[in-house]
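Asks: this one's sequence-less:
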Ligand SMILES: [Zn+2]
């Protein structure tokens, strides 16, 4: 499941009246004839893109005549052998690209080029009228000259309203990006504020001042390490063979297979972590979460080893996922700098660089509380009061949880040797 550029979808009229639109990404296993069909559709979509681009550029750059989106849609209508909505979606994408580039130019980033590259393949889009669900299968129609593409619908999508489907080429394989409407969730009633402190050993520590929840990040960290370590092995093996050779192609395929697998695992754990955090917030009527932003920490030079460890850890993804899920309950997330929050003593306000798991003050000797709990409590303090309060109360109750991961890491991790 992934979040969506909702602004883009909303502009195209893909919105859910009674819920939130989400995009599910499904890797496809196609039979040779289906694969040929998919390639064919994408090639025709590329033909649409190339035509739109060539005409638009020619008229504008050569004759100074602006062909607008409506005129272009009118012109390309009925000229291509793909679903008419795909043609429209491609025209829309083209003009969005143009607008975005124009905006960048206005902001001084003139190194960005207006769309110019001819494509061999292009992402194909189906909207509501091109999509039917029958007998557990998704049927994507391709105009009257081509057979429809039939894909088995994953059970988790059954019964959901489908707003848009895209056929995407990613990492050596075809994927479907399916935009579905998920029912709206219960809105939070309270007005409690809380703070969240992200970290490596503990993925998230949350507190509302009275209680704290510490969610373990060990599983996530080990997956990140596995990902980076295996990727380095693949890169090394790839660099040793001739580009385009049989061995090279096999390695590349194995690398993509591994990446798809490990990233699905990572996403799964990230979902489990954010789920715990959101449940905790909803139960306590939290309305706003201040999120300690490690970006500030990252910019400091913490030595090569530490920098690398921080880099491996994708703080941003977890934050985005949490922000998105909280928003579905109308809880807002606000980033605040976490400078000094985990090292500042809650009793005397003195800063001590922390090395252990348990907080230890070098000035007054205060200790006995988990470092990340002190950190989260500090974030909340600074966010609410604007400064560190001396002798502040720490959460009285601390709960430790591990993310509930359904499938244990069972698959053998294939390195380049197995390819
Ligand atoms: Zn102290």
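Replies: Here it is on my side, so go on. Everything numeric in this text was worked out from a predicted model, so none of it was measured. Numbering: from 1, shown residues only.

Asks: Name the residues of this structure found near the ion, please.
Replies: 345, 347-348, 350, 361, 363-364, 366 (C-beta under 5 Å from the ion). Just so you know, the C-beta spots here come from the backbone N, C-alpha and C atoms, and that holds for glycine as well.

Asks: Among these, name the buried ones.
Replies: Buried members of these, counted by 16 or more other C-beta atoms under 10 Å: 345, 361, 366.

Asks: re the thing from before, got a markdown table for the residues of the chain next to the ion, with pLDDT and secondary structure too?
Replies: A markdown table is the format used below for those (pLDDT from 0 to 100; DSSP: H, G, I helix; E, B strand; the rest coil):
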| residue | pLDDT | secondary structure |
| --- | --- | --- |
| 345 | 93 | coil |
| 347 | 93 | coil |
| 348 | 92 | coil |
| 350 | 91 | coil |
| 361 | 92 | coil |
| 363 | 91 | coil |
| 364 | 92 | coil |
| 366 | 93 | coil |
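
Asks: and the residues you listed as TSV, adding distance to residue 105?
Replies: Output for the residues of the chain next to the ion, formatted as TSV (distance: C-beta to C-beta, whole Å):
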residue	distance to residue 105
345	51
347	55
348	54
350	51
361	53
363	54
364	57
366	55
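
Asks: closest to residue 178 among these?
Replies: Distance to residue 178 across the residues of the chain next to the ion (C-beta to C-beta) is lowest for residue 345, with 50.9 Å.

Asks: close enough to count as contact, the closest one and residue 354?
Replies: No. Contact criterion C-beta atoms under 8 Å: residue 345 and residue 354 do not qualify, at 10.3 Å.

Asks: Any regions of the stretch 301-419 of the chain where pLDDT drops low?
Replies: Residue ranges of the stretch 301-419 of the chain with pLDDT under 70: 301-314, 407-419.

Asks: Equivalent analysis for the chain, please.
Replies: Applying pLDDT under 70 to the chain picks out residues 1-18, 294-314, 407-419.

Asks: the domain parsing of it - what is it?
Replies: The chain is divided into the following domains under automatic domain parsing: 6-183, 192-401.

Asks: Look through this protein and tell me its longest helix.
Replies: helix 246-283 (DSSP state H).

Asks: so what does it touch, helix or strand wise?
Replies: Packing partners of helix 246-283 (3 or more C-beta pairs under 8 Å, 6 or more residues apart in numbering; DSSP states H and E): strand 202-207, strand 211-216, helix 218-240, helix 315-327.

Asks: Export the ones you listed to JSON lines and append columns for distance to residue 269 and mean neighbour count.
Replies: Output for the helices and strands packed on helix 246-283, formatted as JSON lines (distance: least, C-beta to C-beta, whole Å; neighbours: other C-beta atoms under 10 Å):
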{"stretch": "strand 202-207", "distance to residue 269": "8", "mean neighbour count": "28"}
{"stretch": "strand 211-216", "distance to residue 269": "10", "mean neighbour count": "22"}
{"stretch": "helix 218-240", "distance to residue 269": "5", "mean neighbour count": "16"}
{"stretch": "helix 315-327", "distance to residue 269": "10", "mean neighbour count": "19"}
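
Asks: Just send those back as JSON lines, with distance to residue 397 too.
Replies: Shown next, in JSON lines, are these (distance: least, C-beta to C-beta, whole Å):
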{"stretch": "strand 202-207", "distance to residue 397": "10"}
{"stretch": "strand 211-216", "distance to residue 397": "5"}
{"stretch": "helix 218-240", "distance to residue 397": "22"}
{"stretch": "helix 315-327", "distance to residue 397": "22"}
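
Asks: out of those, nearest to residue 372?
Replies: So among the helices and strands packed on helix 246-283, strand 202-207 is nearest, using C-beta to C-beta, at 4.0 Å.

Asks: the inter-axis angle of that closest one versus helix 246-283?
Replies: 10 degrees (axes from the mean of the first three to the mean of the last three C-alpha atoms, to 10 degrees).

Asks: and the angle for strand 202-207 with helix 218-240?
Replies: 150 degrees.
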